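**Q** Attaching a predicted model along with its sequence, questions to come.
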Amino acid sequence: MKLVKDTDTKNINLEVSDKEAEEAFRTILTWMGEDANREGLLETPKRVMKAYKEYFKGYHEDPSKILDKTFGDVEGYDDMVVQKNISVQSHCEHHMAPIIGKAHVAYIPKERVVGLSKLARVVEVFSKRLQTQERLTMQIANTLMESLDAKGVAVTIDSTHQCMTMRGIKKEQATTVTNYYLGQFKEDLSYQNRYLRFITTRLKD
């Protein structure tokens with residue numbers, strides 16, 4: 001383990017090696033009451049370490065860079081762009097339990113638009129961190145608004161939190177919905193209403 005200076009936050013962080021992380025998971029297995037040396041668990045700490053790298057890869061990605069490339073050849077298109085049903089797989093910061101759901105994202109371009117896959121990638125980057133749903137919703141919206149210089153942004157997340165479905169109160173059917181509006185979506189209710197109709201109504205074939 002070594003100390004690393006984080007130039008962005010001016011904080012001193014501990015850089016933990018893969019081996020140290022594996023040993024920590026091995027300790028947790030023992031704490032649970034398991035025999036960490038039995039055959040079925042010998043490789044488990046390494047597998048969990050690799051899985052955590054995937055679950056939390058968002059800490060090593062910059063969502064604003066994803067939105068660097070935009071397109072101006074849209075013949076003056078200036079109405080909202082809505083992307084529905086983006087899968088969300090995150091973890092709550094209180095119990096590190098999964099958050100599973102869907103995000104809906106909309107923005108009103110000023111002069112340029114961004115590739116559609118980039119909207120989902122921004123959701124992915126922020127999801128792959130320890131989160132609260134409220135903060136996740138706001139982070140996505142604020143990043144899109146600033147990076148795209150949009151006229152307005154709307155973000156909705158509808159998800160299930162396993163910290164309250166598998167433990168604690170154990171309400172298996174409970175879902176949580178959060179909304180965040182910026183720019184014209186916040187100032188003009190007609191935009192909000194159109195957006196909400198888009199994300200709740202199935203388009204006819």
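**A** Sure thing, it's come through.

**Q** Spell out the residue ranges of the strands in the protein.
**A** Taking DSSP state E, the strands of the chain run over residues 2-6, 11-15, 70-71, 81-92, 98-108, 113-114, 130-131, 152-161, 176-183.

**Q** what's the most buried one of these?
**A** Mean neighbours per residue, mean count of other Cβ atoms under 10 Å, is largest over those for strand 152-161, with a mean of 24. No exception for glycine: its C-beta is placed from N, CA and C like everyone else's.

**Q** Parallel or antiparallel, which strands does it pair with?
**A** Strand pairing for strand 152-161, using DSSP bridges, gives strand 98-108 (antiparallel), strand 176-183 (antiparallel).

**Q** May I see those arranged in TSV, with distance to Lys65 as well?
**A** Converted to TSV, the strands paired with strand 152-161 look like this (distance: least, Cβ to Cβ, whole Å):
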stretch	distance to Lys65
strand 98-108	18
strand 176-183	20
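
**Q** now the ones you listed in TSV, with distance to Arg167 and mean pLDDT?
**A** What follows is these, written out as TSV (distance: least, Cβ to Cβ, whole Å; pLDDT from 0 to 100):
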stretch	distance to Arg167	mean pLDDT
strand 98-108	12	98
strand 176-183	16	98
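
**Q** And the residue nearest the centre of this structure?
**A** Geometric centre of the chain, nearest residue: Ser127, 1.8 Å, by Cα atoms, centre = their mean.

**Q** Walk me through the domains of the chain.
**A** Annotated domains of the chain cover 2-55, 66-200 [automatic domain parsing].

**Q** Which one of these has the poorest average confidence?
**A** Mean pLDDT is lowest for domain 2-55 among the domains of the chain, at a mean of 86.

**Q** between the strands paired with strand 152-161, which one is nearest to Ser117?
**A** strand 98-108 (12.0 Å; Cβ to Cβ).

**Q** ok now that closest one, how far from the chain's centre?
**A** The chain centroid and the centroid of strand 98-108 are separated by 8 Å under Cα atoms, centre = their mean, to the nearest Å.

**Q** could I have that strand exported to CSV, CA atoms only?
**A** Output in CSV follows, covering the C-alpha atoms of strand 98-108 (Å, rounded to 0.1, in the frame of the first residue of the first chain):
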residue,chain,number,x,y,z
PRO,A,98,-27.1,-3.4,-6.0
ILE,A,99,-29.3,-0.7,-7.5
ILE,A,100,-31.1,-2.0,-10.6
GLY,A,101,-33.3,0.0,-12.8
LYS,A,102,-33.7,2.2,-15.9
ALA,A,103,-32.8,5.8,-16.8
HIS,A,104,-34.5,8.1,-19.2
VAL,A,105,-32.5,11.1,-20.5
ALA,A,106,-33.5,14.1,-22.7
TYR,A,107,-31.8,17.2,-23.8
ILE,A,108,-32.6,20.2,-26.0
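
**Q** Report the angle between that strand and strand 81-92.
**A** The directions of strand 98-108 and strand 81-92 differ by 150 degrees, with axes from the mean of the first three to the mean of the last three Cα atoms, to 10 degrees as the criterion.

**Q** hang on, the earlier thing: the residue nearest to the centre of the chain contacts Thr137, doesn't it?
**A** No. The criterion here is Cβ atoms under 8 Å, and Ser127 misses it with Thr137 at 10.9 Å.
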